[in-house]
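Enquirer: A structural model of the following input is requested.
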Amino acid sequence: MTASEATPVPFTAPAPDPMDAPAYRWGILGAGGIARKLADAVTNHTASSVVAVAAASSQERAQAFADEMDVPTAYGTYEELVADPDVDIVYVATTHNNHHEPALLAINAGKHVLVEKSFTQNSAQAQLIVDAARDKGVFVMEAMWARHLPHMYAVREVIARGDIGEVVSVAADHGQMLTHVERMVRPELAGGALLDLGIYPVAFAHDILGVPEHITAKGRLRETGVDGQVSMVFEYPGKNAQASLTTTMEARTPVVAHVAGAKGRIELADMFYAPTVMTVTPLDGTPWTFDGTVENGFQYEAAECARRVAAGDTESEIHTLDQSLELMRILDEIRAQVGVIYPGE
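Expert: This next block holds a predicted model:
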């Protein structure tokens, strides 16, 4: 991960090296693909380790994960894992509909917690987590990994130092062909494009421009009632800026993003929310690039957890609990306009 020789000004606050973060012992609730990615990141790209995994569906599934990822202990219930004194930080890697209950279980057991995005199914569930975390005084953060990646540190610094001038336009899209994935089409699992894929464009705009003053959303529902695709326009009259965002689970889109300002623009290459390349094109001047590609990428959010826990912090300034609440309220409003209602809401 290096800036190209064409970079005109060195970065003063690059993403910290994950290997420099203090070592902690992680436990994982859930044994799916996202859990494997976090386990690999912690084990191979930080000084920390994964010491336990739990799968509520069966002890056998947890053991299979443990064998595959070289995790010492497998549990058949979440309660057993959060009671394990050898676990310092718990990663919640369950489906969207059930982030809050495992997170609350871990918080009430006194564990520090990283909750996979989207933080919860809705803002009411998010508020429960935030209130519990603040009451118990433990560290809790949403696993919005993009905010911790090297290229996003670079994006924020380029904007802050005025390289592209006042931000006028933000655009991002995220589309993947996922109609064959069962959880994506099941409303009882909070399926649909928005919470799984659209969260990234929404979070990107929120990172750059904050909370929109007005949201316009249009979407199309699938036969099960989940959103197949959604288009959104966010307005920020006080900032003279707009964001144009799209998501779909019915096609593979370019998955790119840009931030345009009065003096130039920033473009993020394919899979903009994952480790990628940033190109800055001044209105007058020579374009230059920053290569933020790294292996995996989840290690940056894991390392942020470790640094904050070591410092005695209960939140990360990079992605605060209030920001997670803001994102969930934005998603609630989008779902309301599109007409997505999950069971029990």
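
Enquirer: which ones are touching G175?
Expert: Residues near G175 by Cβ atoms under 8 Å, 6 or more residues apart in numbering: A193, L197, Q229, T246, T247, T248, M249, E250, A251, R252, T253, V255. Any C-beta I mention is one placed from the backbone N, CA and C, and that applies to glycine too.

Enquirer: is it true that the last one touches D270?
Expert: Right, V255. Yes. Counting by Cβ atoms under 8 Å, V255 touches D270, with 5.6 Å between them.

Enquirer: could you check which of those two has the larger neighbour count?
Expert: V255 (22 against 11; other Cβ atoms under 10 Å).

Enquirer: give me the pLDDT for the more buried one.
Expert: Per-residue confidence (pLDDT) for V255: 98.

Enquirer: shouldn't it be within a helix?
Expert: No. Using DSSP: H, G, I helix; E, B strand; the rest coil, the assignment for V255 is coil, not a helix.

Enquirer: if I look at it, how far off is D40?
Expert: Applying Cβ to Cβ, to the nearest Å, the value for V255 to D40 is 22 Å.

Enquirer: domains in the chain, by residue range?
Expert: Here the domain assignment for the chain is 18-146, 150-295+320-338, based on automatic domain parsing.

Enquirer: what's the offset of the longest one from the middle of its chain?
Expert: Looking back up the chat, that one is domain 150-295+320-338. Chain-centre distance of domain 150-295+320-338: 11 Å, with Cα atoms, centre = their mean, to the nearest Å.

Enquirer: what about it, how long is it end to end?
Expert: End-to-end distance for domain 150-295+320-338, by Cα to Cα, to the nearest Å: 34 Å.

Enquirer: now swap in the shortest one and tell me
Expert: Taking Cα to Cα as the measure, domain 18-146 stretches 14 Å from start to finish.

Enquirer: the bottom helix or strand of the protein by mean pLDDT?
Expert: Across the helices and strands of the chain, mean pLDDT, DSSP states H and E gives its lowest value to strand 2-3, namely a mean of 42.

Enquirer: skip ahead from it and say which helix or strand is next.
Expert: As assigned by DSSP states H and E, the chain's next helix or strand after strand 2-3 is strand 25-29.

Enquirer: that next one pairs with which strands?
Expert: Within its sheet, strand 25-29 is paired with strand 49-54 (parallel), strand 89-92 (parallel), according to DSSP bridges.

Enquirer: out of those strands, deepest packed?
Expert: strand 89-92 (a mean of 27; mean count of other Cβ atoms under 10 Å).

Enquirer: for that strand, the distance to its chain's centre please.
Expert: Remark: strand 89-92 is offset 14 Å from the chain centroid, using Cα atoms, centre = their mean.

Enquirer: who touches that strand?
Expert: Contacts for strand 89-92 (Cβ under 8 Å, 6+ apart): 24-30, 35, 38, 48, 81-82, 99, 102-103, 106, 111-116, 139, 143, 305-306, 309.

Enquirer: which strands and helices sit next to the next helix or strand along the chain from it?
Expert: Counting by DSSP H and E, the next helix or strand C-terminal to strand 89-92 is helix 100-108. Under the contact definition 3 or more Cβ pairs under 8 Å, 6 or more residues apart in numbering; DSSP states H and E, helix 100-108 sits against helix 78-82, strand 89-92, strand 112-116, helix 123-136.

Enquirer: now tabulate the ones you listed in a markdown table and tack on mean pLDDT and distance to A54.
Expert: Listed next are these as a markdown table, based on pLDDT from 0 to 100; distance: least, Cβ to Cβ, whole Å:
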| stretch | mean pLDDT | distance to A54 |
| --- | --- | --- |
| helix 78-82 | 97 | 4 |
| strand 89-92 | 98 | 9 |
| strand 112-116 | 98 | 14 |
| helix 123-136 | 98 | 18 |
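
Enquirer: which among these is found nearest to V158?
Expert: Closest to V158 of the helices and strands packed on helix 100-108, according to Cβ to Cβ: strand 112-116, at 27.6 Å.

Enquirer: include distance to N296 when you put the strands paired with strand 25-29 into TSV, please.
Expert: What follows is those, written out as TSV (distance: least, Cβ to Cβ, whole Å):
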stretch	distance to N296
strand 49-54	13
strand 89-92	14
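
Enquirer: ok, which of the ones you listed comes nearest H180?
Expert: Closest of the strands paired with strand 25-29 to H180 is strand 89-92, at 25.3 Å (criterion: Cβ to Cβ).
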